[in-house]
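In: Sharing a model prediction with you, sequence too.
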Amino acid sequence: MKLWCYNSDTSKTLIVYKDDTLNFQILDCVWIVNTSRKDIQTLFNNMIFYEDNNVVQALKFKKVVRICYYYGLNSGGVWTSAHKKILGRPERIEDQRLQAES
């Protein structure tokens, strides 16, 4: 990867590869979860470039990358109830009902 940056003209993050033949644009920062573990590691290890007036939007992308990196969330990962507990999300109502019955 050559660089990644937030483009305020399109409101997307642009990921530019070394040979400039294949570039990706990500509209929503949540889409980063759908990338591979290697891609998330690469994004984590590289700074995102942005203009000063776009700091909030750009750092949202970086924050999602950090969450994916530290919790192992990626396209190859499997979500378990342990992830929900780590992220502070409540279990589904059916899961709570089954636990109460047992």
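Out: Everything's here; your move.

In: hey, where'd the strands end up in this protein?
Out: For the chain, applying DSSP state E gives strands covering 3-7, 12-16, 23-26, 48-49.

In: Give me the helices and strands touching the lengthiest helix in the chain, please.
Out: Looking across the chain with DSSP state H, the single longest helix is helix 55-71. Counting contacts by 3 or more C-beta pairs under 8 Å, 6 or more residues apart in numbering; DSSP states H and E, helix 55-71 packs against strand 3-7, helix 37-45, strand 48-49. Where C-beta positions appear, they are placed from N, C-alpha and C, glycine not excepted.

In: and the angle from it to strand 12-16?
Out: Relative orientation of helix 55-71 and strand 12-16, computed by axes from the mean of the first three to the mean of the last three C-alpha atoms, to 10 degrees: 60 degrees.

In: just how off-centre is helix 55-71 within its chain?
Out: Distance of helix 55-71 from the chain centroid (C-alpha atoms, centre = their mean, to the nearest Å) equals 6 Å.

In: Mind listing the residues bridging to Cys5?
Out: Beta-bridge partners for Cys5, by DSSP bridges, are Leu14, Phe49.
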